[in-house]
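**Student:** sharing a model prediction with you, sequence too.
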Amino acid sequence: MVDLILTEQYGSTQDIISFTQHGNEIVEVKPQKNFFKCIFSFTTFFREILLPYGYPQSVSDDYLEYQTWDTLQALCSTITGSFTMRAVLRGVGVGDSKATALSAALTWIMKEGAGMIGRIVFAWWKGSELDHNCKKWRFFADILNDAAMLIELCLPQFQQYSTEVLCVTSVMKSIVGIAGGATRASITYHQAIKDNVADISAKDGSQETVVNLIGSFASIFLLNYFTDSTSEWLLILSLIILHLYTNYMAVKSLVFKNFNNQRIAIVLKTFLTVGTVPSPSKVNSNEAILHGFDQTVKRICGFEIILGESISKPLKLYTVAELKQILSVYEQEKYLLLVHSEKRKIYVSFEHGENARDVIAAYFHAVLLAIATSIYNSTSLDIYSKRQLHHTTPIAIIHTFMNAYEKYIDDYRNIPFNYLIPFNKLVKQEFNMFVTALTVNGWSMGSHSMKVGEHRIDFKTHKAKLT
C-alpha cells in the first residue's frame, strides 16, 4: 500500500511533487512529462527570466496589469524615439557637406550640459513632491517626453537653431528622467510586498530591455518603409496618442493602499457624508492624475491643512494666555493644531518622531476642526447639505454637536477654548471608527505619502516655563 506523506510545489504554477511511503522508504513521485508539459516548462523558463521570483505571490495585485500597459508604452516610445533620432541627426547636419564634426560636437556638448543642469535644478525644486503625487508626476513625465520628441522631430526645419532647440529638449528630457525614475522607484516599492524591491527593479530592467530590442528591430523596418513626410507624421502621431493612452491606463491601474493628500481627501469626504470608507481600488480609480484636477481637502472643510510647516505666522494671532490654553488641549497628543481663520488655514505641527498613524490622526482632527470652525462662524459648506444632515453620519454628528453651542456671526473667529475639550473627545470617538473602517477595507496605516514639512515642535518639555 502506498500512502501519501506530503506534497511540494515550487511557487504556485509549477508541478506538484508527491512524497509517498513505500514500505519503510520515502519515494519521490513526479508528474509524467508530455508535449504540453514541455511547452509549459518552456514558458516557465521565460517567466523566471522576466518576472520577479515567487510571482505572483511576491508582488502586488496590480503588478501584471501595470506592467502590461507599461510594456506597451515603452514599445511606442522606443519606435517614436528612432524617428526622433533620425530627425535630430538631420538637424545637426549629418549628411550635409557644409556641416563640420566640430560644430556637431559642440552642439552635443551644450545639449548634454543643459540636461545636466536641468536634472540638478528639477531634483532640488520638485524632488520632495514626487513621492506625494507619484501618479501625477509619472504621467506628467510621459507627456513632457512626447512634447520633447515632437519638438525634435521638427528640428530639420529649424537647422539654424539646432543648438538652442536641442538644449531646450535636453532640459525637458532631463526632467523626464528625474520624474520618471523617481516615480518608478515609488511604484517598485509599492509592488514589492515581500521586501523584494531589488528583484522587481532588476526584472523591470530586463522587461524594458526586451521591449527596446523588439522596438529597435521594428524601427529598422518602419524607418525604411515610411519615407514620405505625410505617412511618417501619421505614424508618429498615432504612436504618441497610443503612448499617452497606455501610460494613462498604466497609471490608473495602480492601487496604492496608503494615503497621499488626494486619496485621504476622497476617503474623508465619503466617511463624513456616508459613514463608510471606500476601498483602495475605488479611491485610486477616482484619483486625478493631471495637475490641477485633484480633489482638495479645502473643498470639503473650507480650510487648507498644512502639515509640518513653521507656525510663526499663526502664533502671532494668539495671546500668551490663549496659547497656554491651546497647549493644554493637546498635551495628550503628538501634534498641535493652530487655526489661522483669516487665511482659512490650519497648521498641524508634530513632535519629533511621529509615525504614519500620528500624521493621519492629526489630519483627520484638523479636517473636523475646520468643519466645526465653519459651522461656528455660520459658513456654509457643501459637505453638510440638508440631505446629509438627515442621516446619522459623522458630519451630522459634528453639526449637531456645534449647534448645542452659541454661534458667532460677526467677524470670523476661532472656536473658543471651552468648546475644544469636548470637541476633541468627539474627534477621538470618530477617529476610532475611522481607523476600524480603514482596516476592514484594506487600507494601510503603516506608511503614508502625504506632504509633511520638516518643522517639529516641543511644547511639553517647556510647559513649566509657560505656567
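**Tutor:** Nice, thanks for sending it over. Residues are numbered from 1 along each chain as shown.
**Student:** which stretches in the stretch 351-467 of the chain count as helices?
**Tutor:** Along the stretch 351-467 of the chain, counting by DSSP state H, counting those that start in this stretch, helices occupy 356-376, 386-389, 394-403, 417-440, 463-466.
**Student:** what packs against the first one?
**Tutor:** This means helix 356-376. helix 261-274, helix 298-301, strand 304-307, strand 335-340, strand 345-350, helix 394-403, helix 417-440 (3 or more CB pairs under 8 Å, 6 or more residues apart in numbering; DSSP states H and E). Every residue, glycine included, has its C-beta placed from N, CA and C.
**Student:** repeat that for the third one.
**Tutor:** Here helix 394-403 is seen to pack against helix 261-274, helix 356-376, helix 386-389, helix 417-440 when contacts are counted using 3+ CB pairs under 8 Å, 6+ apart.
**Student:** and that helix with helix 356-376, angle?
**Tutor:** 50 degrees (axes from the mean of the first three to the mean of the last three CA atoms, to 10 degrees).
**Student:** so for helix 394-403, what's the average pLDDT?
**Tutor:** In this model, helix 394-403 has an average pLDDT of 88.
**Student:** got the CA coordinates for that helix in CSV?
**Tutor:** The C-alpha coordinates for helix 394-403 follow below in CSV (Å, rounded to 0.1, in the frame of the first residue of the first chain):
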residue,chain,number,x,y,z
PRO,A,394,-20.1,61.9,11.2
ILE,A,395,-20.9,65.2,9.5
ALA,A,396,-24.4,65.2,11.0
ILE,A,397,-22.9,64.4,14.5
ILE,A,398,-20.5,67.3,14.2
HIS,A,399,-23.2,69.6,13.1
THR,A,400,-25.5,68.6,16.0
PHE,A,401,-22.6,69.0,18.4
MET,A,402,-21.8,72.5,17.3
ASN,A,403,-25.5,73.5,17.2
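**Student:** what angle separates it from helix 261-274?
**Tutor:** Going by the same axes, to 10 degrees, helix 394-403 makes 70 degrees with helix 261-274.
**Student:** report the distance from helix 394-403 to the chain centre.
**Tutor:** Mean-position distance between helix 394-403 and its chain equals 33 Å (CA atoms, centre = their mean, to the nearest Å).
**Student:** what angle do that helix and helix 417-440 make?
**Tutor:** 170 degrees.
**Student:** quick one: the helices and strands packed on helix 394-403 as TSV, columns for mean pLDDT too.
**Tutor:** Listed next are these as TSV, based on pLDDT from 0 to 100:
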stretch	mean pLDDT
helix 261-274	94
helix 356-376	95
helix 386-389	55
helix 417-440	93
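**Student:** can I get those in a markdown table with distance to Glu112 and mean neighbour count?
**Tutor:** Listed next are these as a markdown table, based on distance: least, CB to CB, whole Å; neighbours: other CB atoms under 10 Å:
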| stretch | distance to Glu112 | mean neighbour count |
| --- | --- | --- |
| helix 261-274 | 36 | 22 |
| helix 356-376 | 41 | 22 |
| helix 386-389 | 58 | 12 |
| helix 417-440 | 48 | 15 |
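**Student:** possible to save the ones you listed as JSON lines with distance to Ala182?
**Tutor:** Listed next are those as JSON lines, based on distance: least, CB to CB, whole Å:
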{"stretch": "helix 261-274", "distance to Ala182": "18"}
{"stretch": "helix 356-376", "distance to Ala182": "20"}
{"stretch": "helix 386-389", "distance to Ala182": "40"}
{"stretch": "helix 417-440", "distance to Ala182": "27"}
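**Student:** those helices: which one's closest to Ser238?
**Tutor:** helix 261-274 (32.0 Å; CB to CB).
**Student:** just checking, what packs against that closest one?
**Tutor:** helix 280-286, helix 298-301, helix 356-376, helix 394-403, helix 417-440.
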